[in-house]
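Student: give me a model of this one.
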Amino acid sequence: MVLPESMRLKGHKCFDYLHRSGIRYHGSLMVLRVVKAKPILIKSNQKKGIFRSCRCAVSISSKVSKKAVIRNRLRRLIHNHLRIRLLNVTEHCERWALISLKPSSSMKEIAPLLEECDRLLHKAGLFL
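Tutor: Numbering: from 1, shown residues only. Purely as a prediction, here's the structure:
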């Protein structure tokens with residue numbers, strides 16, 4: 001299951017803004033960037049819903065895995081984890097988050113990856 005359309009962040013302008021202005025939180029397996037939302041960057045056809053939660057994006061480089069199947073599976077797992085964690089958190093709806101996996105991260109087990117995701121979300125103040 002993927003993030004509801006109102007939770008997913010898309011578009012190169014949003015990603016550029018996150019990379020330029022985002023506050024970085026580093027972990028051994030991933031980097032979390034959090035920035036104050038700028039709704040003007042979202043395409044008009046994506047603005048339809050009321051945003052009751054933080055908008056999130058996941059970026060996985062081909063350096064993590066050469067196989068698109070593995071990268072897409074990881075992206076879906078992380079999106080689902082974010083949906084579960086952030087769906088009922090309403091006090092941070094004005095923030096955007098981007099998770100980028102580090103190339104050196106071993107993808108044999110998913111549990112350490114999701115634990116680090118929780119740790120970084122807590123460090124950023126998005127998840128208590």
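
Student: how far away is residue 41 from residue 68?
Tutor: Residue 41 sits at a distance of 27 Å from residue 68 (criterion: CB to CB, to the nearest Å). For glycine as for every other residue, the C-beta is placed from the backbone atoms N, C-alpha and C.

Student: revised request: answer the last question for residue 31.
Tutor: Taken as CB to CB, the span from residue 31 to residue 68 is 21 Å.

Student: between these two, which one's more packed in?
Tutor: residue 31 (16 against 10; other CB atoms under 10 Å).

Student: mind listing the helices for the chain?
Tutor: Counting by DSSP state H, residue ranges of the helices within the chain are 12-21, 68-86, 111-124.

Student: in TSV: the ones you listed, plus mean pLDDT and distance to residue 101.
Tutor: Shown next, in TSV, are the helices of the chain (pLDDT from 0 to 100; distance: least, CB to CB, whole Å):
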stretch	mean pLDDT	distance to residue 101
helix 12-21	89	15
helix 68-86	89	7
helix 111-124	92	8
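
Student: of all these, which lies closest to residue 62?
Tutor: Closest approach to residue 62 among the helices of the chain is made by helix 68-86 (7.1 Å; CB to CB).

Student: can you pull the buried residues of the closest one?
Tutor: Using 16 or more other CB atoms under 10 Å as the test for burial, helix 68-86 gives 71, 74-75, 78-79, 81-83, 85-86.

Student: please identify which of the residues you listed is nearest to residue 27.
Tutor: Distance ranking of the buried residues of helix 68-86 against residue 27, using CB to CB, places residue 78 first at 12.8 Å.

Student: understood, closing this out.
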